[in-house]
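# whatever this is, show me its structure:
(4 chains)
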There are 2 protein chains.
Amino acid sequence: MASQSIKNIKELASKLNISVTTVSRVINGKARQYRISKKTEKTVLDAADKYGYAPNQFARGLKLDKSETIGVIVPDISNPFFAEIVMSIEKECKKNGFAVLIGNSGDDTEQERILIDHFKSKKVDGVIVAPVGITSKHLEEVFGAGMPMVIIDRTFPGLKIPTITSDNYGGAYVATKQLLDNNHKKIACIQGLNESQPNTERIRGFIDAMRSFKIPEEDIIITGGQFNIESGYCQSLRLLKGSKPPTAIFALNNLIALGVLQAVSELSLSIPEDVSLISFDEQTYSAFLNTPMSTIEQNKEEIGKISVGNLIAQIVGMEIDIELFVSVETKIHERQSIKKIKK
Amino acid sequence: MASQSIKNIKELASKLNISVTTVSRVINGKARQYRISKKTEKTVLDAADKYGYAPNQFARGLKLDKSETIGVIVPDISNPFFAEIVMSIEKECKKNGFAVLIGNSGDDTEQERILIDHFKSKKVDGVIVAPVGITSKHLEEVFGAGMPMVIIDRTFPGLKIPTITSDNYGGAYVATKQLLDNNHKKIACIQGLNESQPNTERIRGFIDAMRSFKIPEEDIIITGGQFNIESGYCQSLRLLKGSKPPTAIFALNNLIALGVLQAVSELSLSIPEDVSLISFDEQTYSAFLNTPMSTIEQNKEEIGKISVGNLIAQIVGMEIDIELFVSVETKIHERQSIKKIKK
DNA sequence: ATAAATTGCTCAAACGTTTGCGCAATTTAT
DNA sequence: ATAAATTGCGCAAACGTTTGAGCAATTTAT
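Reported below is the predicted structural model:
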């Protein structure tokens, strides 16, 4: 409850009969460094508190050329996957005194570019981006020009910007193995966007697991092409109504899994009696479905945490220990959506 | 692809042999107002584009005392309900050239206060807050001191800050009526945080609907006390295992509904045969549950849109047409989770 | 007693904009 | 031909900080 708010350092200084310089130094915790007496220091600190003085960040930023703010760009914050990552990023930033500006790219590379420009003019100290589209040129340009940057969720071939993704290969391998261990031999994988790196990696994990179990190539079924409900629904319908339906489905993300559920329900089939299911992406509701669903969880908190750590390291210029690529472990949740087939 | 980036207006001006003043005026679209010739204007605009010049927002903010940035505070961005509102806010802000800073209060009034202070020092032009806790004093102080502000999701008695909430009363009334119309006579309402205004309003809608159908007071069951899964789960268990279980449950938010689902499944009951269910909060998965769930949807996009509109009106000082309280209609989704009871 | 070192503080420039005021040059009115 | 109005632009102050350089007063060393 500031008795009477003061608007700038000059007012505060003159009220105390102390120079602006000294006040500034105390406020910035440089009293020791500049040999300000304990007494003066206390006077300033008390007054600053009493009058609720806080430095004008415009002036400060102008002088220091930094904002203590980072920008985050995701395709869609309303997707719980990204929302949780953003949550974690914000939490971590708060700890380090950084604010976070947010932007939705809406799966549009042009928006991504515009947002970065906007962030640049806002003088963010760095950006974290979950990129969309097929090219990373615009990102490399900005990074190359000196903007601290971290990429999350997916990467691009040959990218030289620090990147944090889930271990998509490993997660998919484990999921597939889970099905195989239950003696499923004919498994359909419903994939998402073909060219995207997470998809590619997950497919690779799926195929490798299948082959390691000596499943004949014709029983390694891969279908679909979009990370959304419709695609999951249509593909499931097609698969399950076919002459030789798979005994299990591996959905490559949460939305696809919802589509599978819809199709299964519509065909009056049940899980896991008629068809088994495992899905990438754990969600709050996964455990509460009529048949609790087995999933591969991505460690969103960890992804956020590591990316902020890495970004801040770049910002403060610790060249040391910035890893170019880090892969975050996934975790399997075994529930009741997988039927154990007798040998 | 700026051939060679230029770092400030002075460099650009001297490169063109034009004064800084003129360049500034052109960049800010004040060429007409200050009688800059079309020719000079074009020269400047072309060069700005060519060299990728964008004004330093610190200097600009310092001079103009505004940031074209707003702050948003929600209890938890990882909650899809808030995530979607934030999504809408960001979209609307982008249209108006505003950036958005985000903060999580994590259901802690103190965090709320800290975030607002932080935002203030970052010189945001206004804030939108989904408040937590029981008091709004700190918000009223800041608003009273001149900070443009909009409250969303819930309000406080006698609050004089513009507020946007869903029509919680109406939504609850409609939900309850839906059950009553299907001849349910014994309905349990599992509520969330007792003191919070959305909860109070929903309860009021529930009770009013029940009374208008002449349901005896002893069959108007209200239980629970937290907006989370556990509470929904425990209350459902208690209700359904009781001697005279209700024929229907009204869950006051999505998490409570998940708890109900869990309890129902655990007791090997089914929806709607054994118990009917309707829930506040539509979610992507609502339609994909084994029994697609009837819900009351809150119009998150509209809430975001209106709040930004209102906030910007405050920022630019249009005293006119800022409504102090707006209530956004909800929408019922009728699905298969309600059994029609024969008369 | 004097020189050197230390302590405690201040001066003033700089960061990159925006804008009120003013001044030539040109055009229009008389 | 002269006065008045208009056009096109620039000067310089101001916004609120931070910080290198410097200076007087005090303390310590000789």
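
# tell me the phi and psi of residue A:64?
Backbone torsions for residue A:64, taken as degrees, to the nearest 10, come to phi -90, psi -10.

# doesn't residue A:296 fall inside a strand?
Yes. The assignment for residue A:296 is a strand, going by DSSP: H, G, I helix; E, B strand; the rest coil.

# neighbours of whichever residue of chain A sits closest to chain B, how many?
Nearest residue of chain A to chain B: residue A:290, at 3.1 Å (C-beta to the nearest C-beta). For glycine as for every other residue, the C-beta is placed from the backbone atoms N, C-alpha and C. Residue A:290 has 19 neighbouring residues, counting by other C-beta atoms under 10 Å in any protein chain shown.

# could you look up the SS state of the residue lying closest to it once chain neighbours are set aside?
With C-beta to C-beta, 6 or more residues apart in numbering or on different chains as the criterion, residue A:290 has its nearest non-adjacent residue at 3.1 Å, and that residue is residue B:290. Reduced to three states with three-state DSSP, the structure at residue B:290 is coil.

# my guess is residue B:290 contacts residue A:265. True?
Yes. Residue B:290 is in contact with residue A:265 according to C-beta atoms under 8 Å; the separation is 6.4 Å.

# three-state assignment of the most centrally placed residue in chain A?
For chain A, the residue nearest the mean C-alpha position is residue A:85 (4.1 Å; C-alpha atoms, centre = their mean). When classified by three-state DSSP, residue A:85 comes out as helix.

# hmm, it is touching residue A:76, no?
No. Residue A:85 is beyond contact range of residue A:76, at 11.5 Å (criterion: C-beta under 8 Å).

# could you chop chain A up by domain?
Domains of chain A are assigned by automatic domain parsing as A:9-55, A:67-166+A:300-329, A:168-298.

# and the first one, anywhere near DNA strand D?
Yes. Using C-beta under 7 Å from any atom of the strand as the criterion, contacts between domain A:9-55 and DNA strand D involve A:9-10, A:20-21, A:24-25, A:27-28, A:30, A:53, A:55.

# what about burial for these, which qualify?
Listed as buried from those are A:9, A:24-25, A:27, A:53, A:55; burial here means 16 or more other C-beta atoms under 10 Å in any protein chain shown.

# as JSON lines, these with secondary structure, distance to residue B:119 and pLDDT would be great.
Compiled in JSON lines, those are given as follows (DSSP: H, G, I helix; E, B strand; the rest coil; distance: C-beta to C-beta, whole Å; pLDDT from 0 to 100):
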{"residue": "A:9", "secondary structure": "helix", "distance to residue B:119": "20", "pLDDT": "95"}
{"residue": "A:24", "secondary structure": "helix", "distance to residue B:119": "23", "pLDDT": "97"}
{"residue": "A:25", "secondary structure": "helix", "distance to residue B:119": "26", "pLDDT": "96"}
{"residue": "A:27", "secondary structure": "helix", "distance to residue B:119": "19", "pLDDT": "95"}
{"residue": "A:53", "secondary structure": "coil", "distance to residue B:119": "17", "pLDDT": "91"}
{"residue": "A:55", "secondary structure": "coil", "distance to residue B:119": "15", "pLDDT": "93"}
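
# which pair of the residues you listed spans the longest distance?
Spatial extent of these (C-beta to C-beta) is set by the pair A:25 and A:53 at 14.2 Å.

# where do the strands sit along the stretch 101-250 of chain A?
Under the criterion DSSP state E, counting those that start in this stretch, strands of the stretch 101-250 of chain A are mapped to A:126-129, A:149-152, A:163-166, A:187-191, A:220-224, A:248-251.

# go through those and pick out the most buried.
For these, the largest average neighbour count (mean count of other C-beta atoms under 10 Å in any protein chain shown) is found in strand A:248-251, namely a mean of 30.

# got the contact list for it?
For strand A:248-251, the external contacting residues (C-beta atoms under 8 Å, 6 or more residues apart in numbering or on different chains) are A:172, A:175-176, A:179, A:184, A:186-190, A:206, A:232, A:236, A:239, A:257, A:259-260, A:275-280, A:338.

# may I see the domains of chain A arranged in CSV, with distance to residue B:248 as well?
Compiled in CSV, the domains of chain A are given as follows (distance: least, C-beta to C-beta, whole Å):
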stretch, distance to residue B:248
domain A:9-55, 53
domain A:67-166+A:300-329, 29
domain A:168-298, 19
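
# so how many other residues sit close to residue A:174?
Residue A:174: 17 surrounding residues under other C-beta under 10 Å.

# three-state assignment of the closest residue to it other than its chain neighbours?
Leaving aside its chain neighbours, residue A:174 sits nearest to residue A:332 (5.3 Å; criterion: C-beta to C-beta, 6+ apart). Assigned with three-state DSSP, residue A:332 falls in the strand class.

# list the contacts for residue A:332?
Counted by C-beta under 8 Å, 6+ apart, residue A:332 has contacts A:171, A:174-175, A:178, A:294-297.

# for the nearest residue to residue A:180 once chain neighbours are set aside, grab phi and psi.
Leaving aside its sequence neighbours, residue A:180 sits nearest to residue A:213 (C-beta to C-beta, 6+ apart; 4.7 Å). Backbone torsions for residue A:213, taken as degrees, to the nearest 10, come to phi -100, psi 10.
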